[in-house]
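[1] Predicted structure and sequence below. I'll ask about it afterward.
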Amino acid sequence: MSTNVLALLPEIILTLTGVVVMLAEPCLARGSSRKPLGWIAIAGTVGALLVSWYQVSLGTLHAFSNTIQVDAFSVLFHYVIGAVVLVTLLGSLDYFEGNASHAGEYFALLCFGAVGMMLMTCSVELLMVFVGLEISSITTYILCGFRKGQATGSESSIKYFLLGSFATAFFLYGIALAFGATGSTDIYAIAHGLETTTTRALAFTALALILIGLGFKVSAAPFHVWTPDVYQGAPAPVVGLMSTAPKAAAFAVLLRITFTGFPGYQHRWTVLMWVLAALSMTIGNLGALLQRDVKRMLAYSSIAHAGYLLVAFTAFPFDGIAAACFYTATYAAMNVGAFAVITQISGYDERARTIDDYTGLGQKRPYLAALLSFFLLSLIGIPFTGGFFGKFYVFSAAIHGGNVWLAVIGLLNSGIACFYYLRLLAAVYTRPGAESARLNELRPISIPAALGLTLAAMATLLLGILPSGAVLFAEFASHSTLIEQARQECKAHPEGCYLQLNFDVK
């Protein structure tokens, strides 16, 4: 098998899976169940995850004229994206039953979106990143408005499309300026070109525009204004997906661009990251305090968590990359799990929207209530959950890098977050009042949905009580990225390279 095919084999599998789903849907009778199409998508996603696991043993792969680089860093994010898509598919098999005839398109779009996200994480050429970004964004725009009969769904899709197009324009213009400053759109070539460029102001402007474009994708303040409205109108399983997988892909790109493409400007972009992190944590948590709608509350929560993750960018390269990788995996597990629970409670019509609608859930559905409580406690950062160790890892990296005050701001914001998370928990268990009528209409949890919820809960728990394996993998990903950067530096300056690169993974 050629290196080009092997490097993009997970993406190829997901693409073929989406095509098969699209071709198979017209063969099914009108009004019949679309679950078989969902199982095809699940099989393709599992296949992509298995291939990604195999890629770890192959070391670093370069493909398509060195525009694609598959290493431990990209494989880690492949795991995160694939796992999120798998949990979303498992929780969505019954979501459209009796409500929509276009469920096949939904399953295919999830596969195609995963292709774009995975392509972003393994691209070291900015134009290739842009292609992956567009594939991911277009599918997400459509998925946001998938409940065609709901006006809020159409509003969500249009708003996300318009603001997303502006953000993409910023990103593309930043790529153009980077090419003008360094003569290349290859991330490693940009790093080399910055050493001799005479237009350093132009290069920094390019980086700033790229940060704006990616800041929109990760919902970082002040580029977060679209997030509450879009999350409120989009279907719950789609929100669970778009709040985790596309963000993971965008953060992977951001890590490569900052630490690998612009390492010489770290003293400048670290200041920007410091400000973005502080703003995102503060605005996100304060905004969530005012919300009664559960999805809007979690939307502001996602803004805050983007801020926690941005804290890692202010640390030293090795610590920062490893902490960001670990926190991305942790956040993906607990957030997609929380929205999987909301999907089961709300159903397709999503009549359980406000905190009051969750009153009595602990008595009616103790399994769902326990899982929701566990995911919320992890989002707070309670010990023995993945959220606790993720925050500990990120704040420790920031302190090690000398950013003590940013870590203090993060800890204070974690305290603020307790209020709105615990307010929802109080409604689930101890809040007095009549039970929500919606809770009496809950359908039994299907086996696939229970499996997806269990996988998310197990990942969140294991990342909290047994994080060593994930930490080692995150450190391995950080090592592989920095060592490849050193190799590229040696190729550019062989006369001054005396570094022997030898990294033994046991």
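    Received the coordinates, thanks. Worth saying up front: this structure is predicted, and the values here are computed from it rather than measured.

[2] so where do the strands sit in this protein?
    For the chain, applying DSSP state E gives strands covering 61-63, 68-70.

[3] Check which helices and strands the last one sits against.
    By that I understand strand 68-70. Packing partners of strand 68-70 (3 or more CB pairs under 8 Å, 6 or more residues apart in numbering; DSSP states H and E): helix 3-7, strand 61-63. (Each C-beta comes from the backbone N, C-alpha and C, glycine too.)

[4] just so I know, which of these lies nearest Ala220?
    Checking the helices and strands packed on strand 68-70 against Ala220 by CB to CB gives helix 3-7 as the closest, at 30.2 Å.

[5] So what's the gap between that closest one and the chain middle?
    Offset of helix 3-7 from its chain centre (CA atoms, centre = their mean, to the nearest Å): 25 Å.

[6] swap in stretch 276-291?
    With CA atoms, centre = their mean, you get 19 Å for stretch 276-291.

[7] going forward, begin numbering at 603 instead of 1
    With the count now opening at 603, the last piece we talked about shows up as stretch 878-893.

[8] for that stretch, which positions count as buried?
    Buried residues in stretch 878-893, counted by 16 or more other CB atoms under 10 Å: 878-887, 889-890, 893.

[9] what residues does it touch?
    The contact list for stretch 878-893, computed with CB atoms under 8 Å, 6 or more residues apart in numbering, reads 813, 817, 821-824, 826, 830, 899-900, 902-910, 912-913, 915-916, 1008, 1011-1012, 1015, 1018-1019, 1021-1022.

[10] Show only the entries of those residues found in helices.
    Among those, the members falling in helices (DSSP state H) are 813, 817, 830, 899-900, 902-910, 912-913, 1008, 1011-1012, 1015, 1018-1019, 1021-1022.

[11] Just the buried subset of these, written out for ChimeraX, thanks.
    Selection command for ChimeraX covering only the buried members of the ones in helices among the contacts of stretch 878-893, criterion 16+ other CB under 10 Å:
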select :813,817,830,899,900,902,903,904,905,906,907,908,909,910,912,913,1008,1011,1012,1015,1018,1019,1022
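
[12] Just give the number of residues close to Gly983.
    24 (other CB atoms under 10 Å).

[13] What of Thr798?
    Quick note: Thr798 (other CB under 10 Å) scores 8 neighbours.

[14] tell me the phi and psi of the closest residue to Phe991 other than its chain neighbours?
    What sits nearest to Phe991 in space, not counting adjacent residues and going by CB to CB, 6 or more residues apart in numbering, is Pro1069, at 4.9 Å. The phi/psi pair for Pro1069 (degrees, to the nearest 10) reads phi -80, psi 0.

[15] So for Gly949, which of the helices and strands packed on strand 670-672 sits nearest?
    Among the helices and strands packed on strand 670-672, helix 605-609 sits nearest to Gly949 (CB to CB), with 40.9 Å.

[16] same question for the closest one, mean pLDDT?
    Taken as a whole, helix 605-609 has a mean pLDDT of 92.

[17] what residues are up against Asn668?
    Val726, Glu727, Asp788.

[18] Helices along the stretch 753-902 of the chain, start to end?
    753-784, 789-795, 802-819, 829-835, 838-844, 847-857, 868-891, 896-913 (DSSP state H, counting those that start in this stretch).

[19] Can I get those helices in CSV including mean pLDDT and distance to Phe1075?
    Output for the helices of the stretch 753-902 of the chain, formatted as CSV (pLDDT from 0 to 100; distance: least, CB to CB, whole Å):
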stretch, mean pLDDT, distance to Phe1075
helix 753-784, 91, 29
helix 789-795, 93, 22
helix 802-819, 94, 24
helix 829-835, 93, 29
helix 838-844, 94, 23
helix 847-857, 96, 14
helix 868-891, 95, 24
helix 896-913, 96, 17
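
[20] could you dump the ones you listed to TSV with distance to Ile982?
    Converted to TSV, these look like this (distance: least, CB to CB, whole Å):
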stretch	distance to Ile982
helix 753-784	27
helix 789-795	36
helix 802-819	25
helix 829-835	19
helix 838-844	18
helix 847-857	19
helix 868-891	11
helix 896-913	10
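
[21] Pick the most deeply packed of those.
    helix 838-844 (a mean of 29; mean count of other CB atoms under 10 Å).

[22] ok, and what's touching it?
    So helix 838-844 is contacted by 686-687, 689-690, 693-694, 697, 712, 715, 742, 745-746, 748, 833, 836, 897, 900-901, 937-938, 940-942, 944-945, 948, 952 (CB under 8 Å, 6+ apart).

[23] neighbours around Tyr960, how many?
    28.

[24] Quick check, pLDDT for the residue lying closest to it once chain neighbours are set aside.
    Nearest non-adjacent residue to Tyr960, counting by CB to CB, 6+ apart: Ala1029, 4.9 Å away. Per-residue confidence (pLDDT) for Ala1029: 90.

[25] Enumerate every residue touching Ala1029.
    Ile957, Asp958, Tyr960, Thr961, Leu963.

[26] give me the number of residues near the second one?
    The one in question is Asp958. 14.

[27] thinking again about what came up before, export the buried residues of stretch 878-893 as JSON lines, with columns for distance to Met1060.
    Formatted as JSON lines, the buried residues of stretch 878-893 follow (distance: CB to CB, whole Å):
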{"residue": "Leu878", "distance to Met1060": "32"}
{"residue": "Ala879", "distance to Met1060": "30"}
{"residue": "Ala880", "distance to Met1060": "33"}
{"residue": "Leu881", "distance to Met1060": "34"}
{"residue": "Ser882", "distance to Met1060": "29"}
{"residue": "Met883", "distance to Met1060": "28"}
{"residue": "Thr884", "distance to Met1060": "32"}
{"residue": "Ile885", "distance to Met1060": "32"}
{"residue": "Gly886", "distance to Met1060": "27"}
{"residue": "Asn887", "distance to Met1060": "28"}
{"residue": "Gly889", "distance to Met1060": "31"}
{"residue": "Ala890", "distance to Met1060": "27"}
{"residue": "Gln893", "distance to Met1060": "29"}
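
[28] Could you check how far Gln946 is from Leu804?
    51 Å (CB to CB, to the nearest Å).

[29] where are the low-confidence patches of the stretch 1003-1108 of the chain?
    Residue ranges of the stretch 1003-1108 of the chain with pLDDT under 70: 1033-1044, 1094, 1097-1108.

[30] Could you rerun that using 50?
    Across the stretch 1003-1108 of the chain, the ranges flagged by pLDDT under 50 are 1100-1108.

[31] which residues in it form helices?
    1006-1031, 1049-1067, 1070-1094.

[32] so how far is the first one off the chain centroid?
    With CA atoms, centre = their mean as the basis, the distance from the averaged C-alpha position of helix 1006-1031 to the chain average is 21 Å.

[33] And for the last one?
    Centroid separation for helix 1070-1094 versus its chain: 21 Å, with CA atoms, centre = their mean.

[34] Surely Ile792 is in contact with Leu779?
    No: applying CB atoms under 8 Å as the test, Ile792 and Leu779 come out as separate, 10.9 Å apart.

[35] do you know how far Glu1091 is from Ile923?
    17 Å.

[36] Between those two, tell me which one has more neighbours.
    The residue with more neighbours, out of Glu1091 and Ile923, is Ile923; 28 against 18, by other CB under 10 Å.
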